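Student: take this sequence and fold it.
(4 chains)
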4 protein chains.
Amino acid sequence: MIPGVEDVFTLLKEHQIPYYLLTNDASRSPRKLAEFYQKAGIEEITADKMISSGMLAKKFLKAKVREGIVAYLGTEQSAHYVENSGFTTCPVGSLTTENFDNINALVLLDDEGFNWEKDINIALNLIRKRNIPVIVANTDRTYPVSKNEVALAIGGISMLMEKIVRKIFIRFGKPDSQMFQFTFDRLQNHGHFGRKDVLMVGDTLVTDILGGNHFGLDTALVLTGNTLPHQAEAAISSTGIIPTYVCESVVG
Amino acid sequence: MIPGVEDVFTLLKEHQIPYYLLTNDASRSPRKLAEFYQKAGIEEITADKMISSGMLAKKFLKAKVREGIVAYLGTEQSAHYVENSGFTTCPVGSLTTENFDNINALVLLDDEGFNWEKDINIALNLIRKRNIPVIVANTDRTYPVSKNEVALAIGGISMLMEKIVRKIFIRFGKPDSQMFQFTFDRLQNHGHFGRKDVLMVGDTLVTDILGGNHFGLDTALVLTGNTLPHQAEAAISSTGIIPTYVCESVVG
Amino acid sequence: MIPGVEDVFTLLKEHQIPYYLLTNDASRSPRKLAEFYQKAGIEEITADKMISSGMLAKKFLKAKVREGIVAYLGTEQSAHYVENSGFTTCPVGSLTTENFDNINALVLLDDEGFNWEKDINIALNLIRKRNIPVIVANTDRTYPVSKNEVALAIGGISMLMEKIVRKIFIRFGKPDSQMFQFTFDRLQNHGHFGRKDVLMVGDTLVTDILGGNHFGLDTALVLTGNTLPHQAEAAISSTGIIPTYVCESVVG
Amino acid sequence: MIPGVEDVFTLLKEHQIPYYLLTNDASRSPRKLAEFYQKAGIEEITADKMISSGMLAKKFLKAKVREGIVAYLGTEQSAHYVENSGFTTCPVGSLTTENFDNINALVLLDDEGFNWEKDINIALNLIRKRNIPVIVANTDRTYPVSKNEVALAIGGISMLMEKIVRKIFIRFGKPDSQMFQFTFDRLQNHGHFGRKDVLMVGDTLVTDILGGNHFGLDTALVLTGNTLPHQAEAAISSTGIIPTYVCESVVG
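Tutor: The predicted structure follows:
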């Protein structure tokens, strides 16, 4: 957590500026996501402030998968969150080729909670044999685990699976515009806002800034996370993703 | 035009079922697009029924490009349509490396109206030298010109340019969800509709059906256009894009 | 093993037709590879008949990595095979970010012998921090584990890693022409052979047939392995990789 | 031409160091390629010093296309060069869908000599309808036309066509190892040389240096062409293609 970030939220509250936190995270419910911030001392952030890619995946599953069993890669917690009255979930690791026929969809939720070597191979064979929708509930390819290290996210694993089976998966999360639309619709509960009234703040060009630009918002790249200050200029010019503003920090 | 298709629109009218026509076309205004149908004898289709990727590109340009010159590849008509009080347009073919500095955005509108060999190269050098947003107003890679022949669309040309310069362009058109959201919002003028009340009908898996599925709609693939009856099964299983329904024809 | 395949080798011997077995396998030495066939009753196949992608990777490492430590993903056996007087090998799983600086190359040998979740992430961070050559000793993305099931090969894992770090790895194995050149040079020990005198027989279009065609050889696709009889026509027409001959079986 | 480059060739001659010039160019014969250097005052460079991707494409066509008509994109001169006693050539622009059936192969030779808009579309439809080998005789995606400007090469156009039709073409030219093998074999006419005795000098990481490294040669990147001095470090670290040496200039 960036020191001083709690002041930003206090400031937003004082000025009655509505805001939401958008995250490509399908590993837990908004309530659990908010708890993380609250434990870090930012009490302003409650479940209703969180917009996650998991919420959109859940909405999709509710609309499009009306019955049967949905197989998943991820933790039990992540499956519990997307679960629905219409279908039950089953971890990929419990499948055998014999019960492939009962599966109506595969959802990729989290990079944790399963045996990569064993379960990625089961999932590949499931998709090869059964023509079912595959839903990716987190589009991030990697996520930071320390200042200089990353880990492969479920979005990275799903990219590999997509290439191997040569099918097209259904993805939820930034930069896709559904994430921004969902937030924009919520904002209207706080007054009448046009796109030009909204600023998207983020630390990642290919998700936060690309998605914000595409949706017609002003965008601010902050250099306190995924994009380091000495890389910013090169990253902007090599990707062609141009933020409206670049800020050293979200604080101050 | 498919024989008998006019009856479909008559039927929709009789039953008071609201509908829109979604097209990845940025070559002309909704009014001009509607005229095409009217000339073919379908008088029901008026400008307000058309939703085009050009409309979204125009909206984006209005929101994000507030001044200066926007270079374009396409016909004069297509440029005229997206033009705006905030900026003026200039065909790529009129640019020289000397006036690259005045360009604030590049928009790819149509595969016609320019000299491919000369102007694609100018556009490539413009993007290499100037870090400006590049907007693709039609995501189709090809379009049918006869029963068995296709032509390269501006979406195909933009894919090539994107690979060469290794930057990320901003794309409008099916299957992106903005197109479906825009339509869904319009539908609300006719009553209160949920996603489950809407059917997306189309002839192309990777745009119409993928986009409709992703947005949470029921989808119907018709086999009277891009996807031929004998290819349908193989196309569905090789792409993993699964329509709710498959119909021999939009008619009948 | 296909029933009757031993007769093919007896026939080749009787007619004094020289042949080699080409395999994208870097998991063991030619001697160990040959033992597999001998145990299955084909005694003709001795170590000198085997040409593996591992042999080429080993040759590369010998020529280009003259000292230091080579990190690897794979089994101990595979590392032992490529090892060399010039350098020592170290499994990726034993690395910590502290000793990244001693590593001079990374070689991807086998999909077995390591913890996928832990070691793929270490390897990704190694490549992000250290600009060292990454060598892929098996280009196959998947391999068959039963009649209808595949498993991810190290070539598939390396494709993922390459996309994530956006660097270009050095690959050995079919369809690359080095594999065919190496074999072609060996053939000259048995007489003077031109390319038109050689037939490449294989069960996989994208490795065996593509590579053989590219090298200027006649090619025969056999339908007793990766490409099933009912898929052959569609696979040939969708990939555009055209064998000179298609044979129901290598036997017969 | 870089000032002083002629001295390099004089030096090579004086020290009796054999050398070849490798070029991804299929637009003309080795003799015509050599004339270019001779006219620029480097008389040492004769036809036998030139190794072009066109030579390999020609060799392939000779081996694999034994009769019929080969369609081409390129100049007449380029077609004349690859032509062969076994087949005749025909420019794509002269084809109609009626005579598609007579075509046995398509070869992509040069970005000049044809109407891009018209002929790329004809070529796409030819490949969609007829399952014939497509040969790319120049793998470069772009080529420099001035210090800061590039133009799309036939290798770039072929990448687009390959993506659209989703088939795999047969490519000749650096970095493919056939180009290096061909040169290496020729070198043996001047004495016995191992790979460690050969230095590959070039200005482009993804063709010259990658190909040289892959073949097991020492490599020297010179900063007087495609890779500019201020970009070299970033280009090496972002691609992971590591030359043995980096030289400010090929001269001095």
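Student: strands along the stretch 151-252 of chain A, start to end?
Tutor: A:170-171, A:199-202, A:218-222, A:245-247 (DSSP state E, counting those that start in this stretch).
Student: make CSV out of those and add mean neighbour count and distance to C:Met159.
Tutor: Where you see a C-beta, it was placed from the backbone N, CA and C, and this is true even at glycine. Rendered in CSV, the data for these read as follows (neighbours: other C-beta atoms under 10 Å in any protein chain shown; distance: least, C-beta to C-beta, whole Å):
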stretch, mean neighbour count, distance to C:Met159
strand A:170-171, 22, 19
strand A:199-202, 20, 28
strand A:218-222, 22, 30
strand A:245-247, 14, 33
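Student: Serialize those strands to JSON lines and add fields for distance to B:Ala47 and mean pLDDT.
Tutor: Below are the strands of the stretch 151-252 of chain A laid out as JSON lines (distance: least, C-beta to C-beta, whole Å; pLDDT from 0 to 100):
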{"stretch": "strand A:170-171", "distance to B:Ala47": "32", "mean pLDDT": "97"}
{"stretch": "strand A:199-202", "distance to B:Ala47": "33", "mean pLDDT": "96"}
{"stretch": "strand A:218-222", "distance to B:Ala47": "31", "mean pLDDT": "96"}
{"stretch": "strand A:245-247", "distance to B:Ala47": "38", "mean pLDDT": "96"}
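Student: in a markdown table, list those along with distance to C:Arg128.
Tutor: Output for those, formatted as a markdown table (distance: least, C-beta to C-beta, whole Å):
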| stretch | distance to C:Arg128 |
| --- | --- |
| strand A:170-171 | 24 |
| strand A:199-202 | 21 |
| strand A:218-222 | 21 |
| strand A:245-247 | 23 |
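Student: for those, which one sits closest to A:Asn99?
Tutor: In terms of C-beta to C-beta, the element of those nearest to A:Asn99 is strand A:170-171, at 23.0 Å.
Student: count of neighbours near whichever residue of the stretch 1-150 of chain A sits closest to chain B?
Tutor: Closest to chain B within the stretch 1-150 of chain A is A:Ala63: 3.9 Å, counting by C-beta to the nearest C-beta. Residues near A:Ala63, counting by other C-beta atoms under 10 Å in any protein chain shown, number 17.
Student: if I look at it, how far off is B:Met200?
Tutor: 13 Å (C-beta to C-beta, to the nearest Å).
Student: picking that back up, tell me the spacing between the residue of the stretch 1-150 of chain A closest to chain B and B:Leu61.
Tutor: 32 Å.
Student: find the nearest non-adjacent residue to A:Ile132, please.
Tutor: Distances taken as C-beta to C-beta, 6 or more residues apart in numbering or on different chains put A:Ala105 closest to A:Ile132, at 5.3 Å, once the chain neighbours are dropped.
Student: swap in A:Gly212?
Tutor: Using C-beta to C-beta, 6+ apart, the nearest residue to A:Gly212 is A:Met200, at 3.0 Å.
Student: swap in A:Asp48?
Tutor: Nearest to A:Asp48 is A:Pro30, by C-beta to C-beta, 6+ apart, at 7.4 Å.
Student: my read is that that neighbour contacts A:Ser53, right?
Tutor: No: here A:Pro30 does not reach A:Ser53: they are 11.5 Å apart, not a contact under C-beta atoms under 8 Å.
Student: who's more crowded, those two?
Tutor: A:Ser53 (28 against 20).
Student: from D:Thr75, how far out is the more buried one?
Tutor: 52 Å.
Student: likewise A:Ile241?
Tutor: Taking C-beta to C-beta, one finds A:Ile241 at 39 Å from D:Thr75.
Student: for A:Ser146, same thing?
Tutor: Distance from A:Ser146 to D:Thr75, by C-beta to C-beta: 56 Å.
Student: likewise A:Pro229?
Tutor: From A:Pro229 to D:Thr75 the distance is 50 Å (C-beta to C-beta).
Student: same check, this time on A:Pro243
Tutor: 45 Å.
Student: and the next helix or strand past the helix of greatest length in chain A?
Tutor: Counting by DSSP state H, the longest helix found in chain A is helix A:116-129. Following helix A:116-129 in sequence order, the next helix or strand is strand A:134-136 (DSSP states H and E).
Student: relative to whichever helix or strand comes after that next one, what are the paired strands and their orientations?
Tutor: Where DSSP H and E defines the elements, the next helix or strand beyond strand A:134-136 is strand A:142-144. Partners of strand A:142-144 in the sheet, by DSSP bridges, are strand A:150-152 (antiparallel).
Student: picking that back up, who has more neighbours, A:Ser146 and D:Thr75?
Tutor: Set A:Ser146 next to D:Thr75 and count neighbours by other C-beta under 10 Å: D:Thr75 wins out with 19 against 9.
Student: can you tell me the closest non-neighbouring residue to that one?
Tutor: Using C-beta to C-beta, 6+ apart, the closest residue to D:Thr75 is D:Gly113 (3.3 Å).
Student: which SS state does that neighbour fall under?
Tutor: Secondary structure state of D:Gly113, per DSSP: H, G, I helix; E, B strand; the rest coil, is coil.
Student: count the residues that sit near A:Glu67.
Tutor: Using other C-beta under 10 Å: A:Glu67 sits among 9 other residues.
Student: what strand or helix carries it?
Tutor: Counting by DSSP H and E, A:Glu67 is part of no helix or strand.
Student: again with A:Leu61
Tutor: helix A:53-64.
Student: distance between whichever helix or strand comes after that helix and the chain's centre?
Tutor: Counting by DSSP H and E, the next helix or strand C-terminal to helix A:53-64 is strand A:69-73. Relative to the mean C-alpha coordinate of its chain, strand A:69-73 is positioned 18 Å out (C-alpha atoms, centre = their mean, to the nearest Å).
Student: now strand A:69-73: buried residues?
Tutor: A:Ile69, A:Val70, A:Ala71, A:Tyr72, A:Leu73 (16 or more other C-beta atoms under 10 Å in any protein chain shown).
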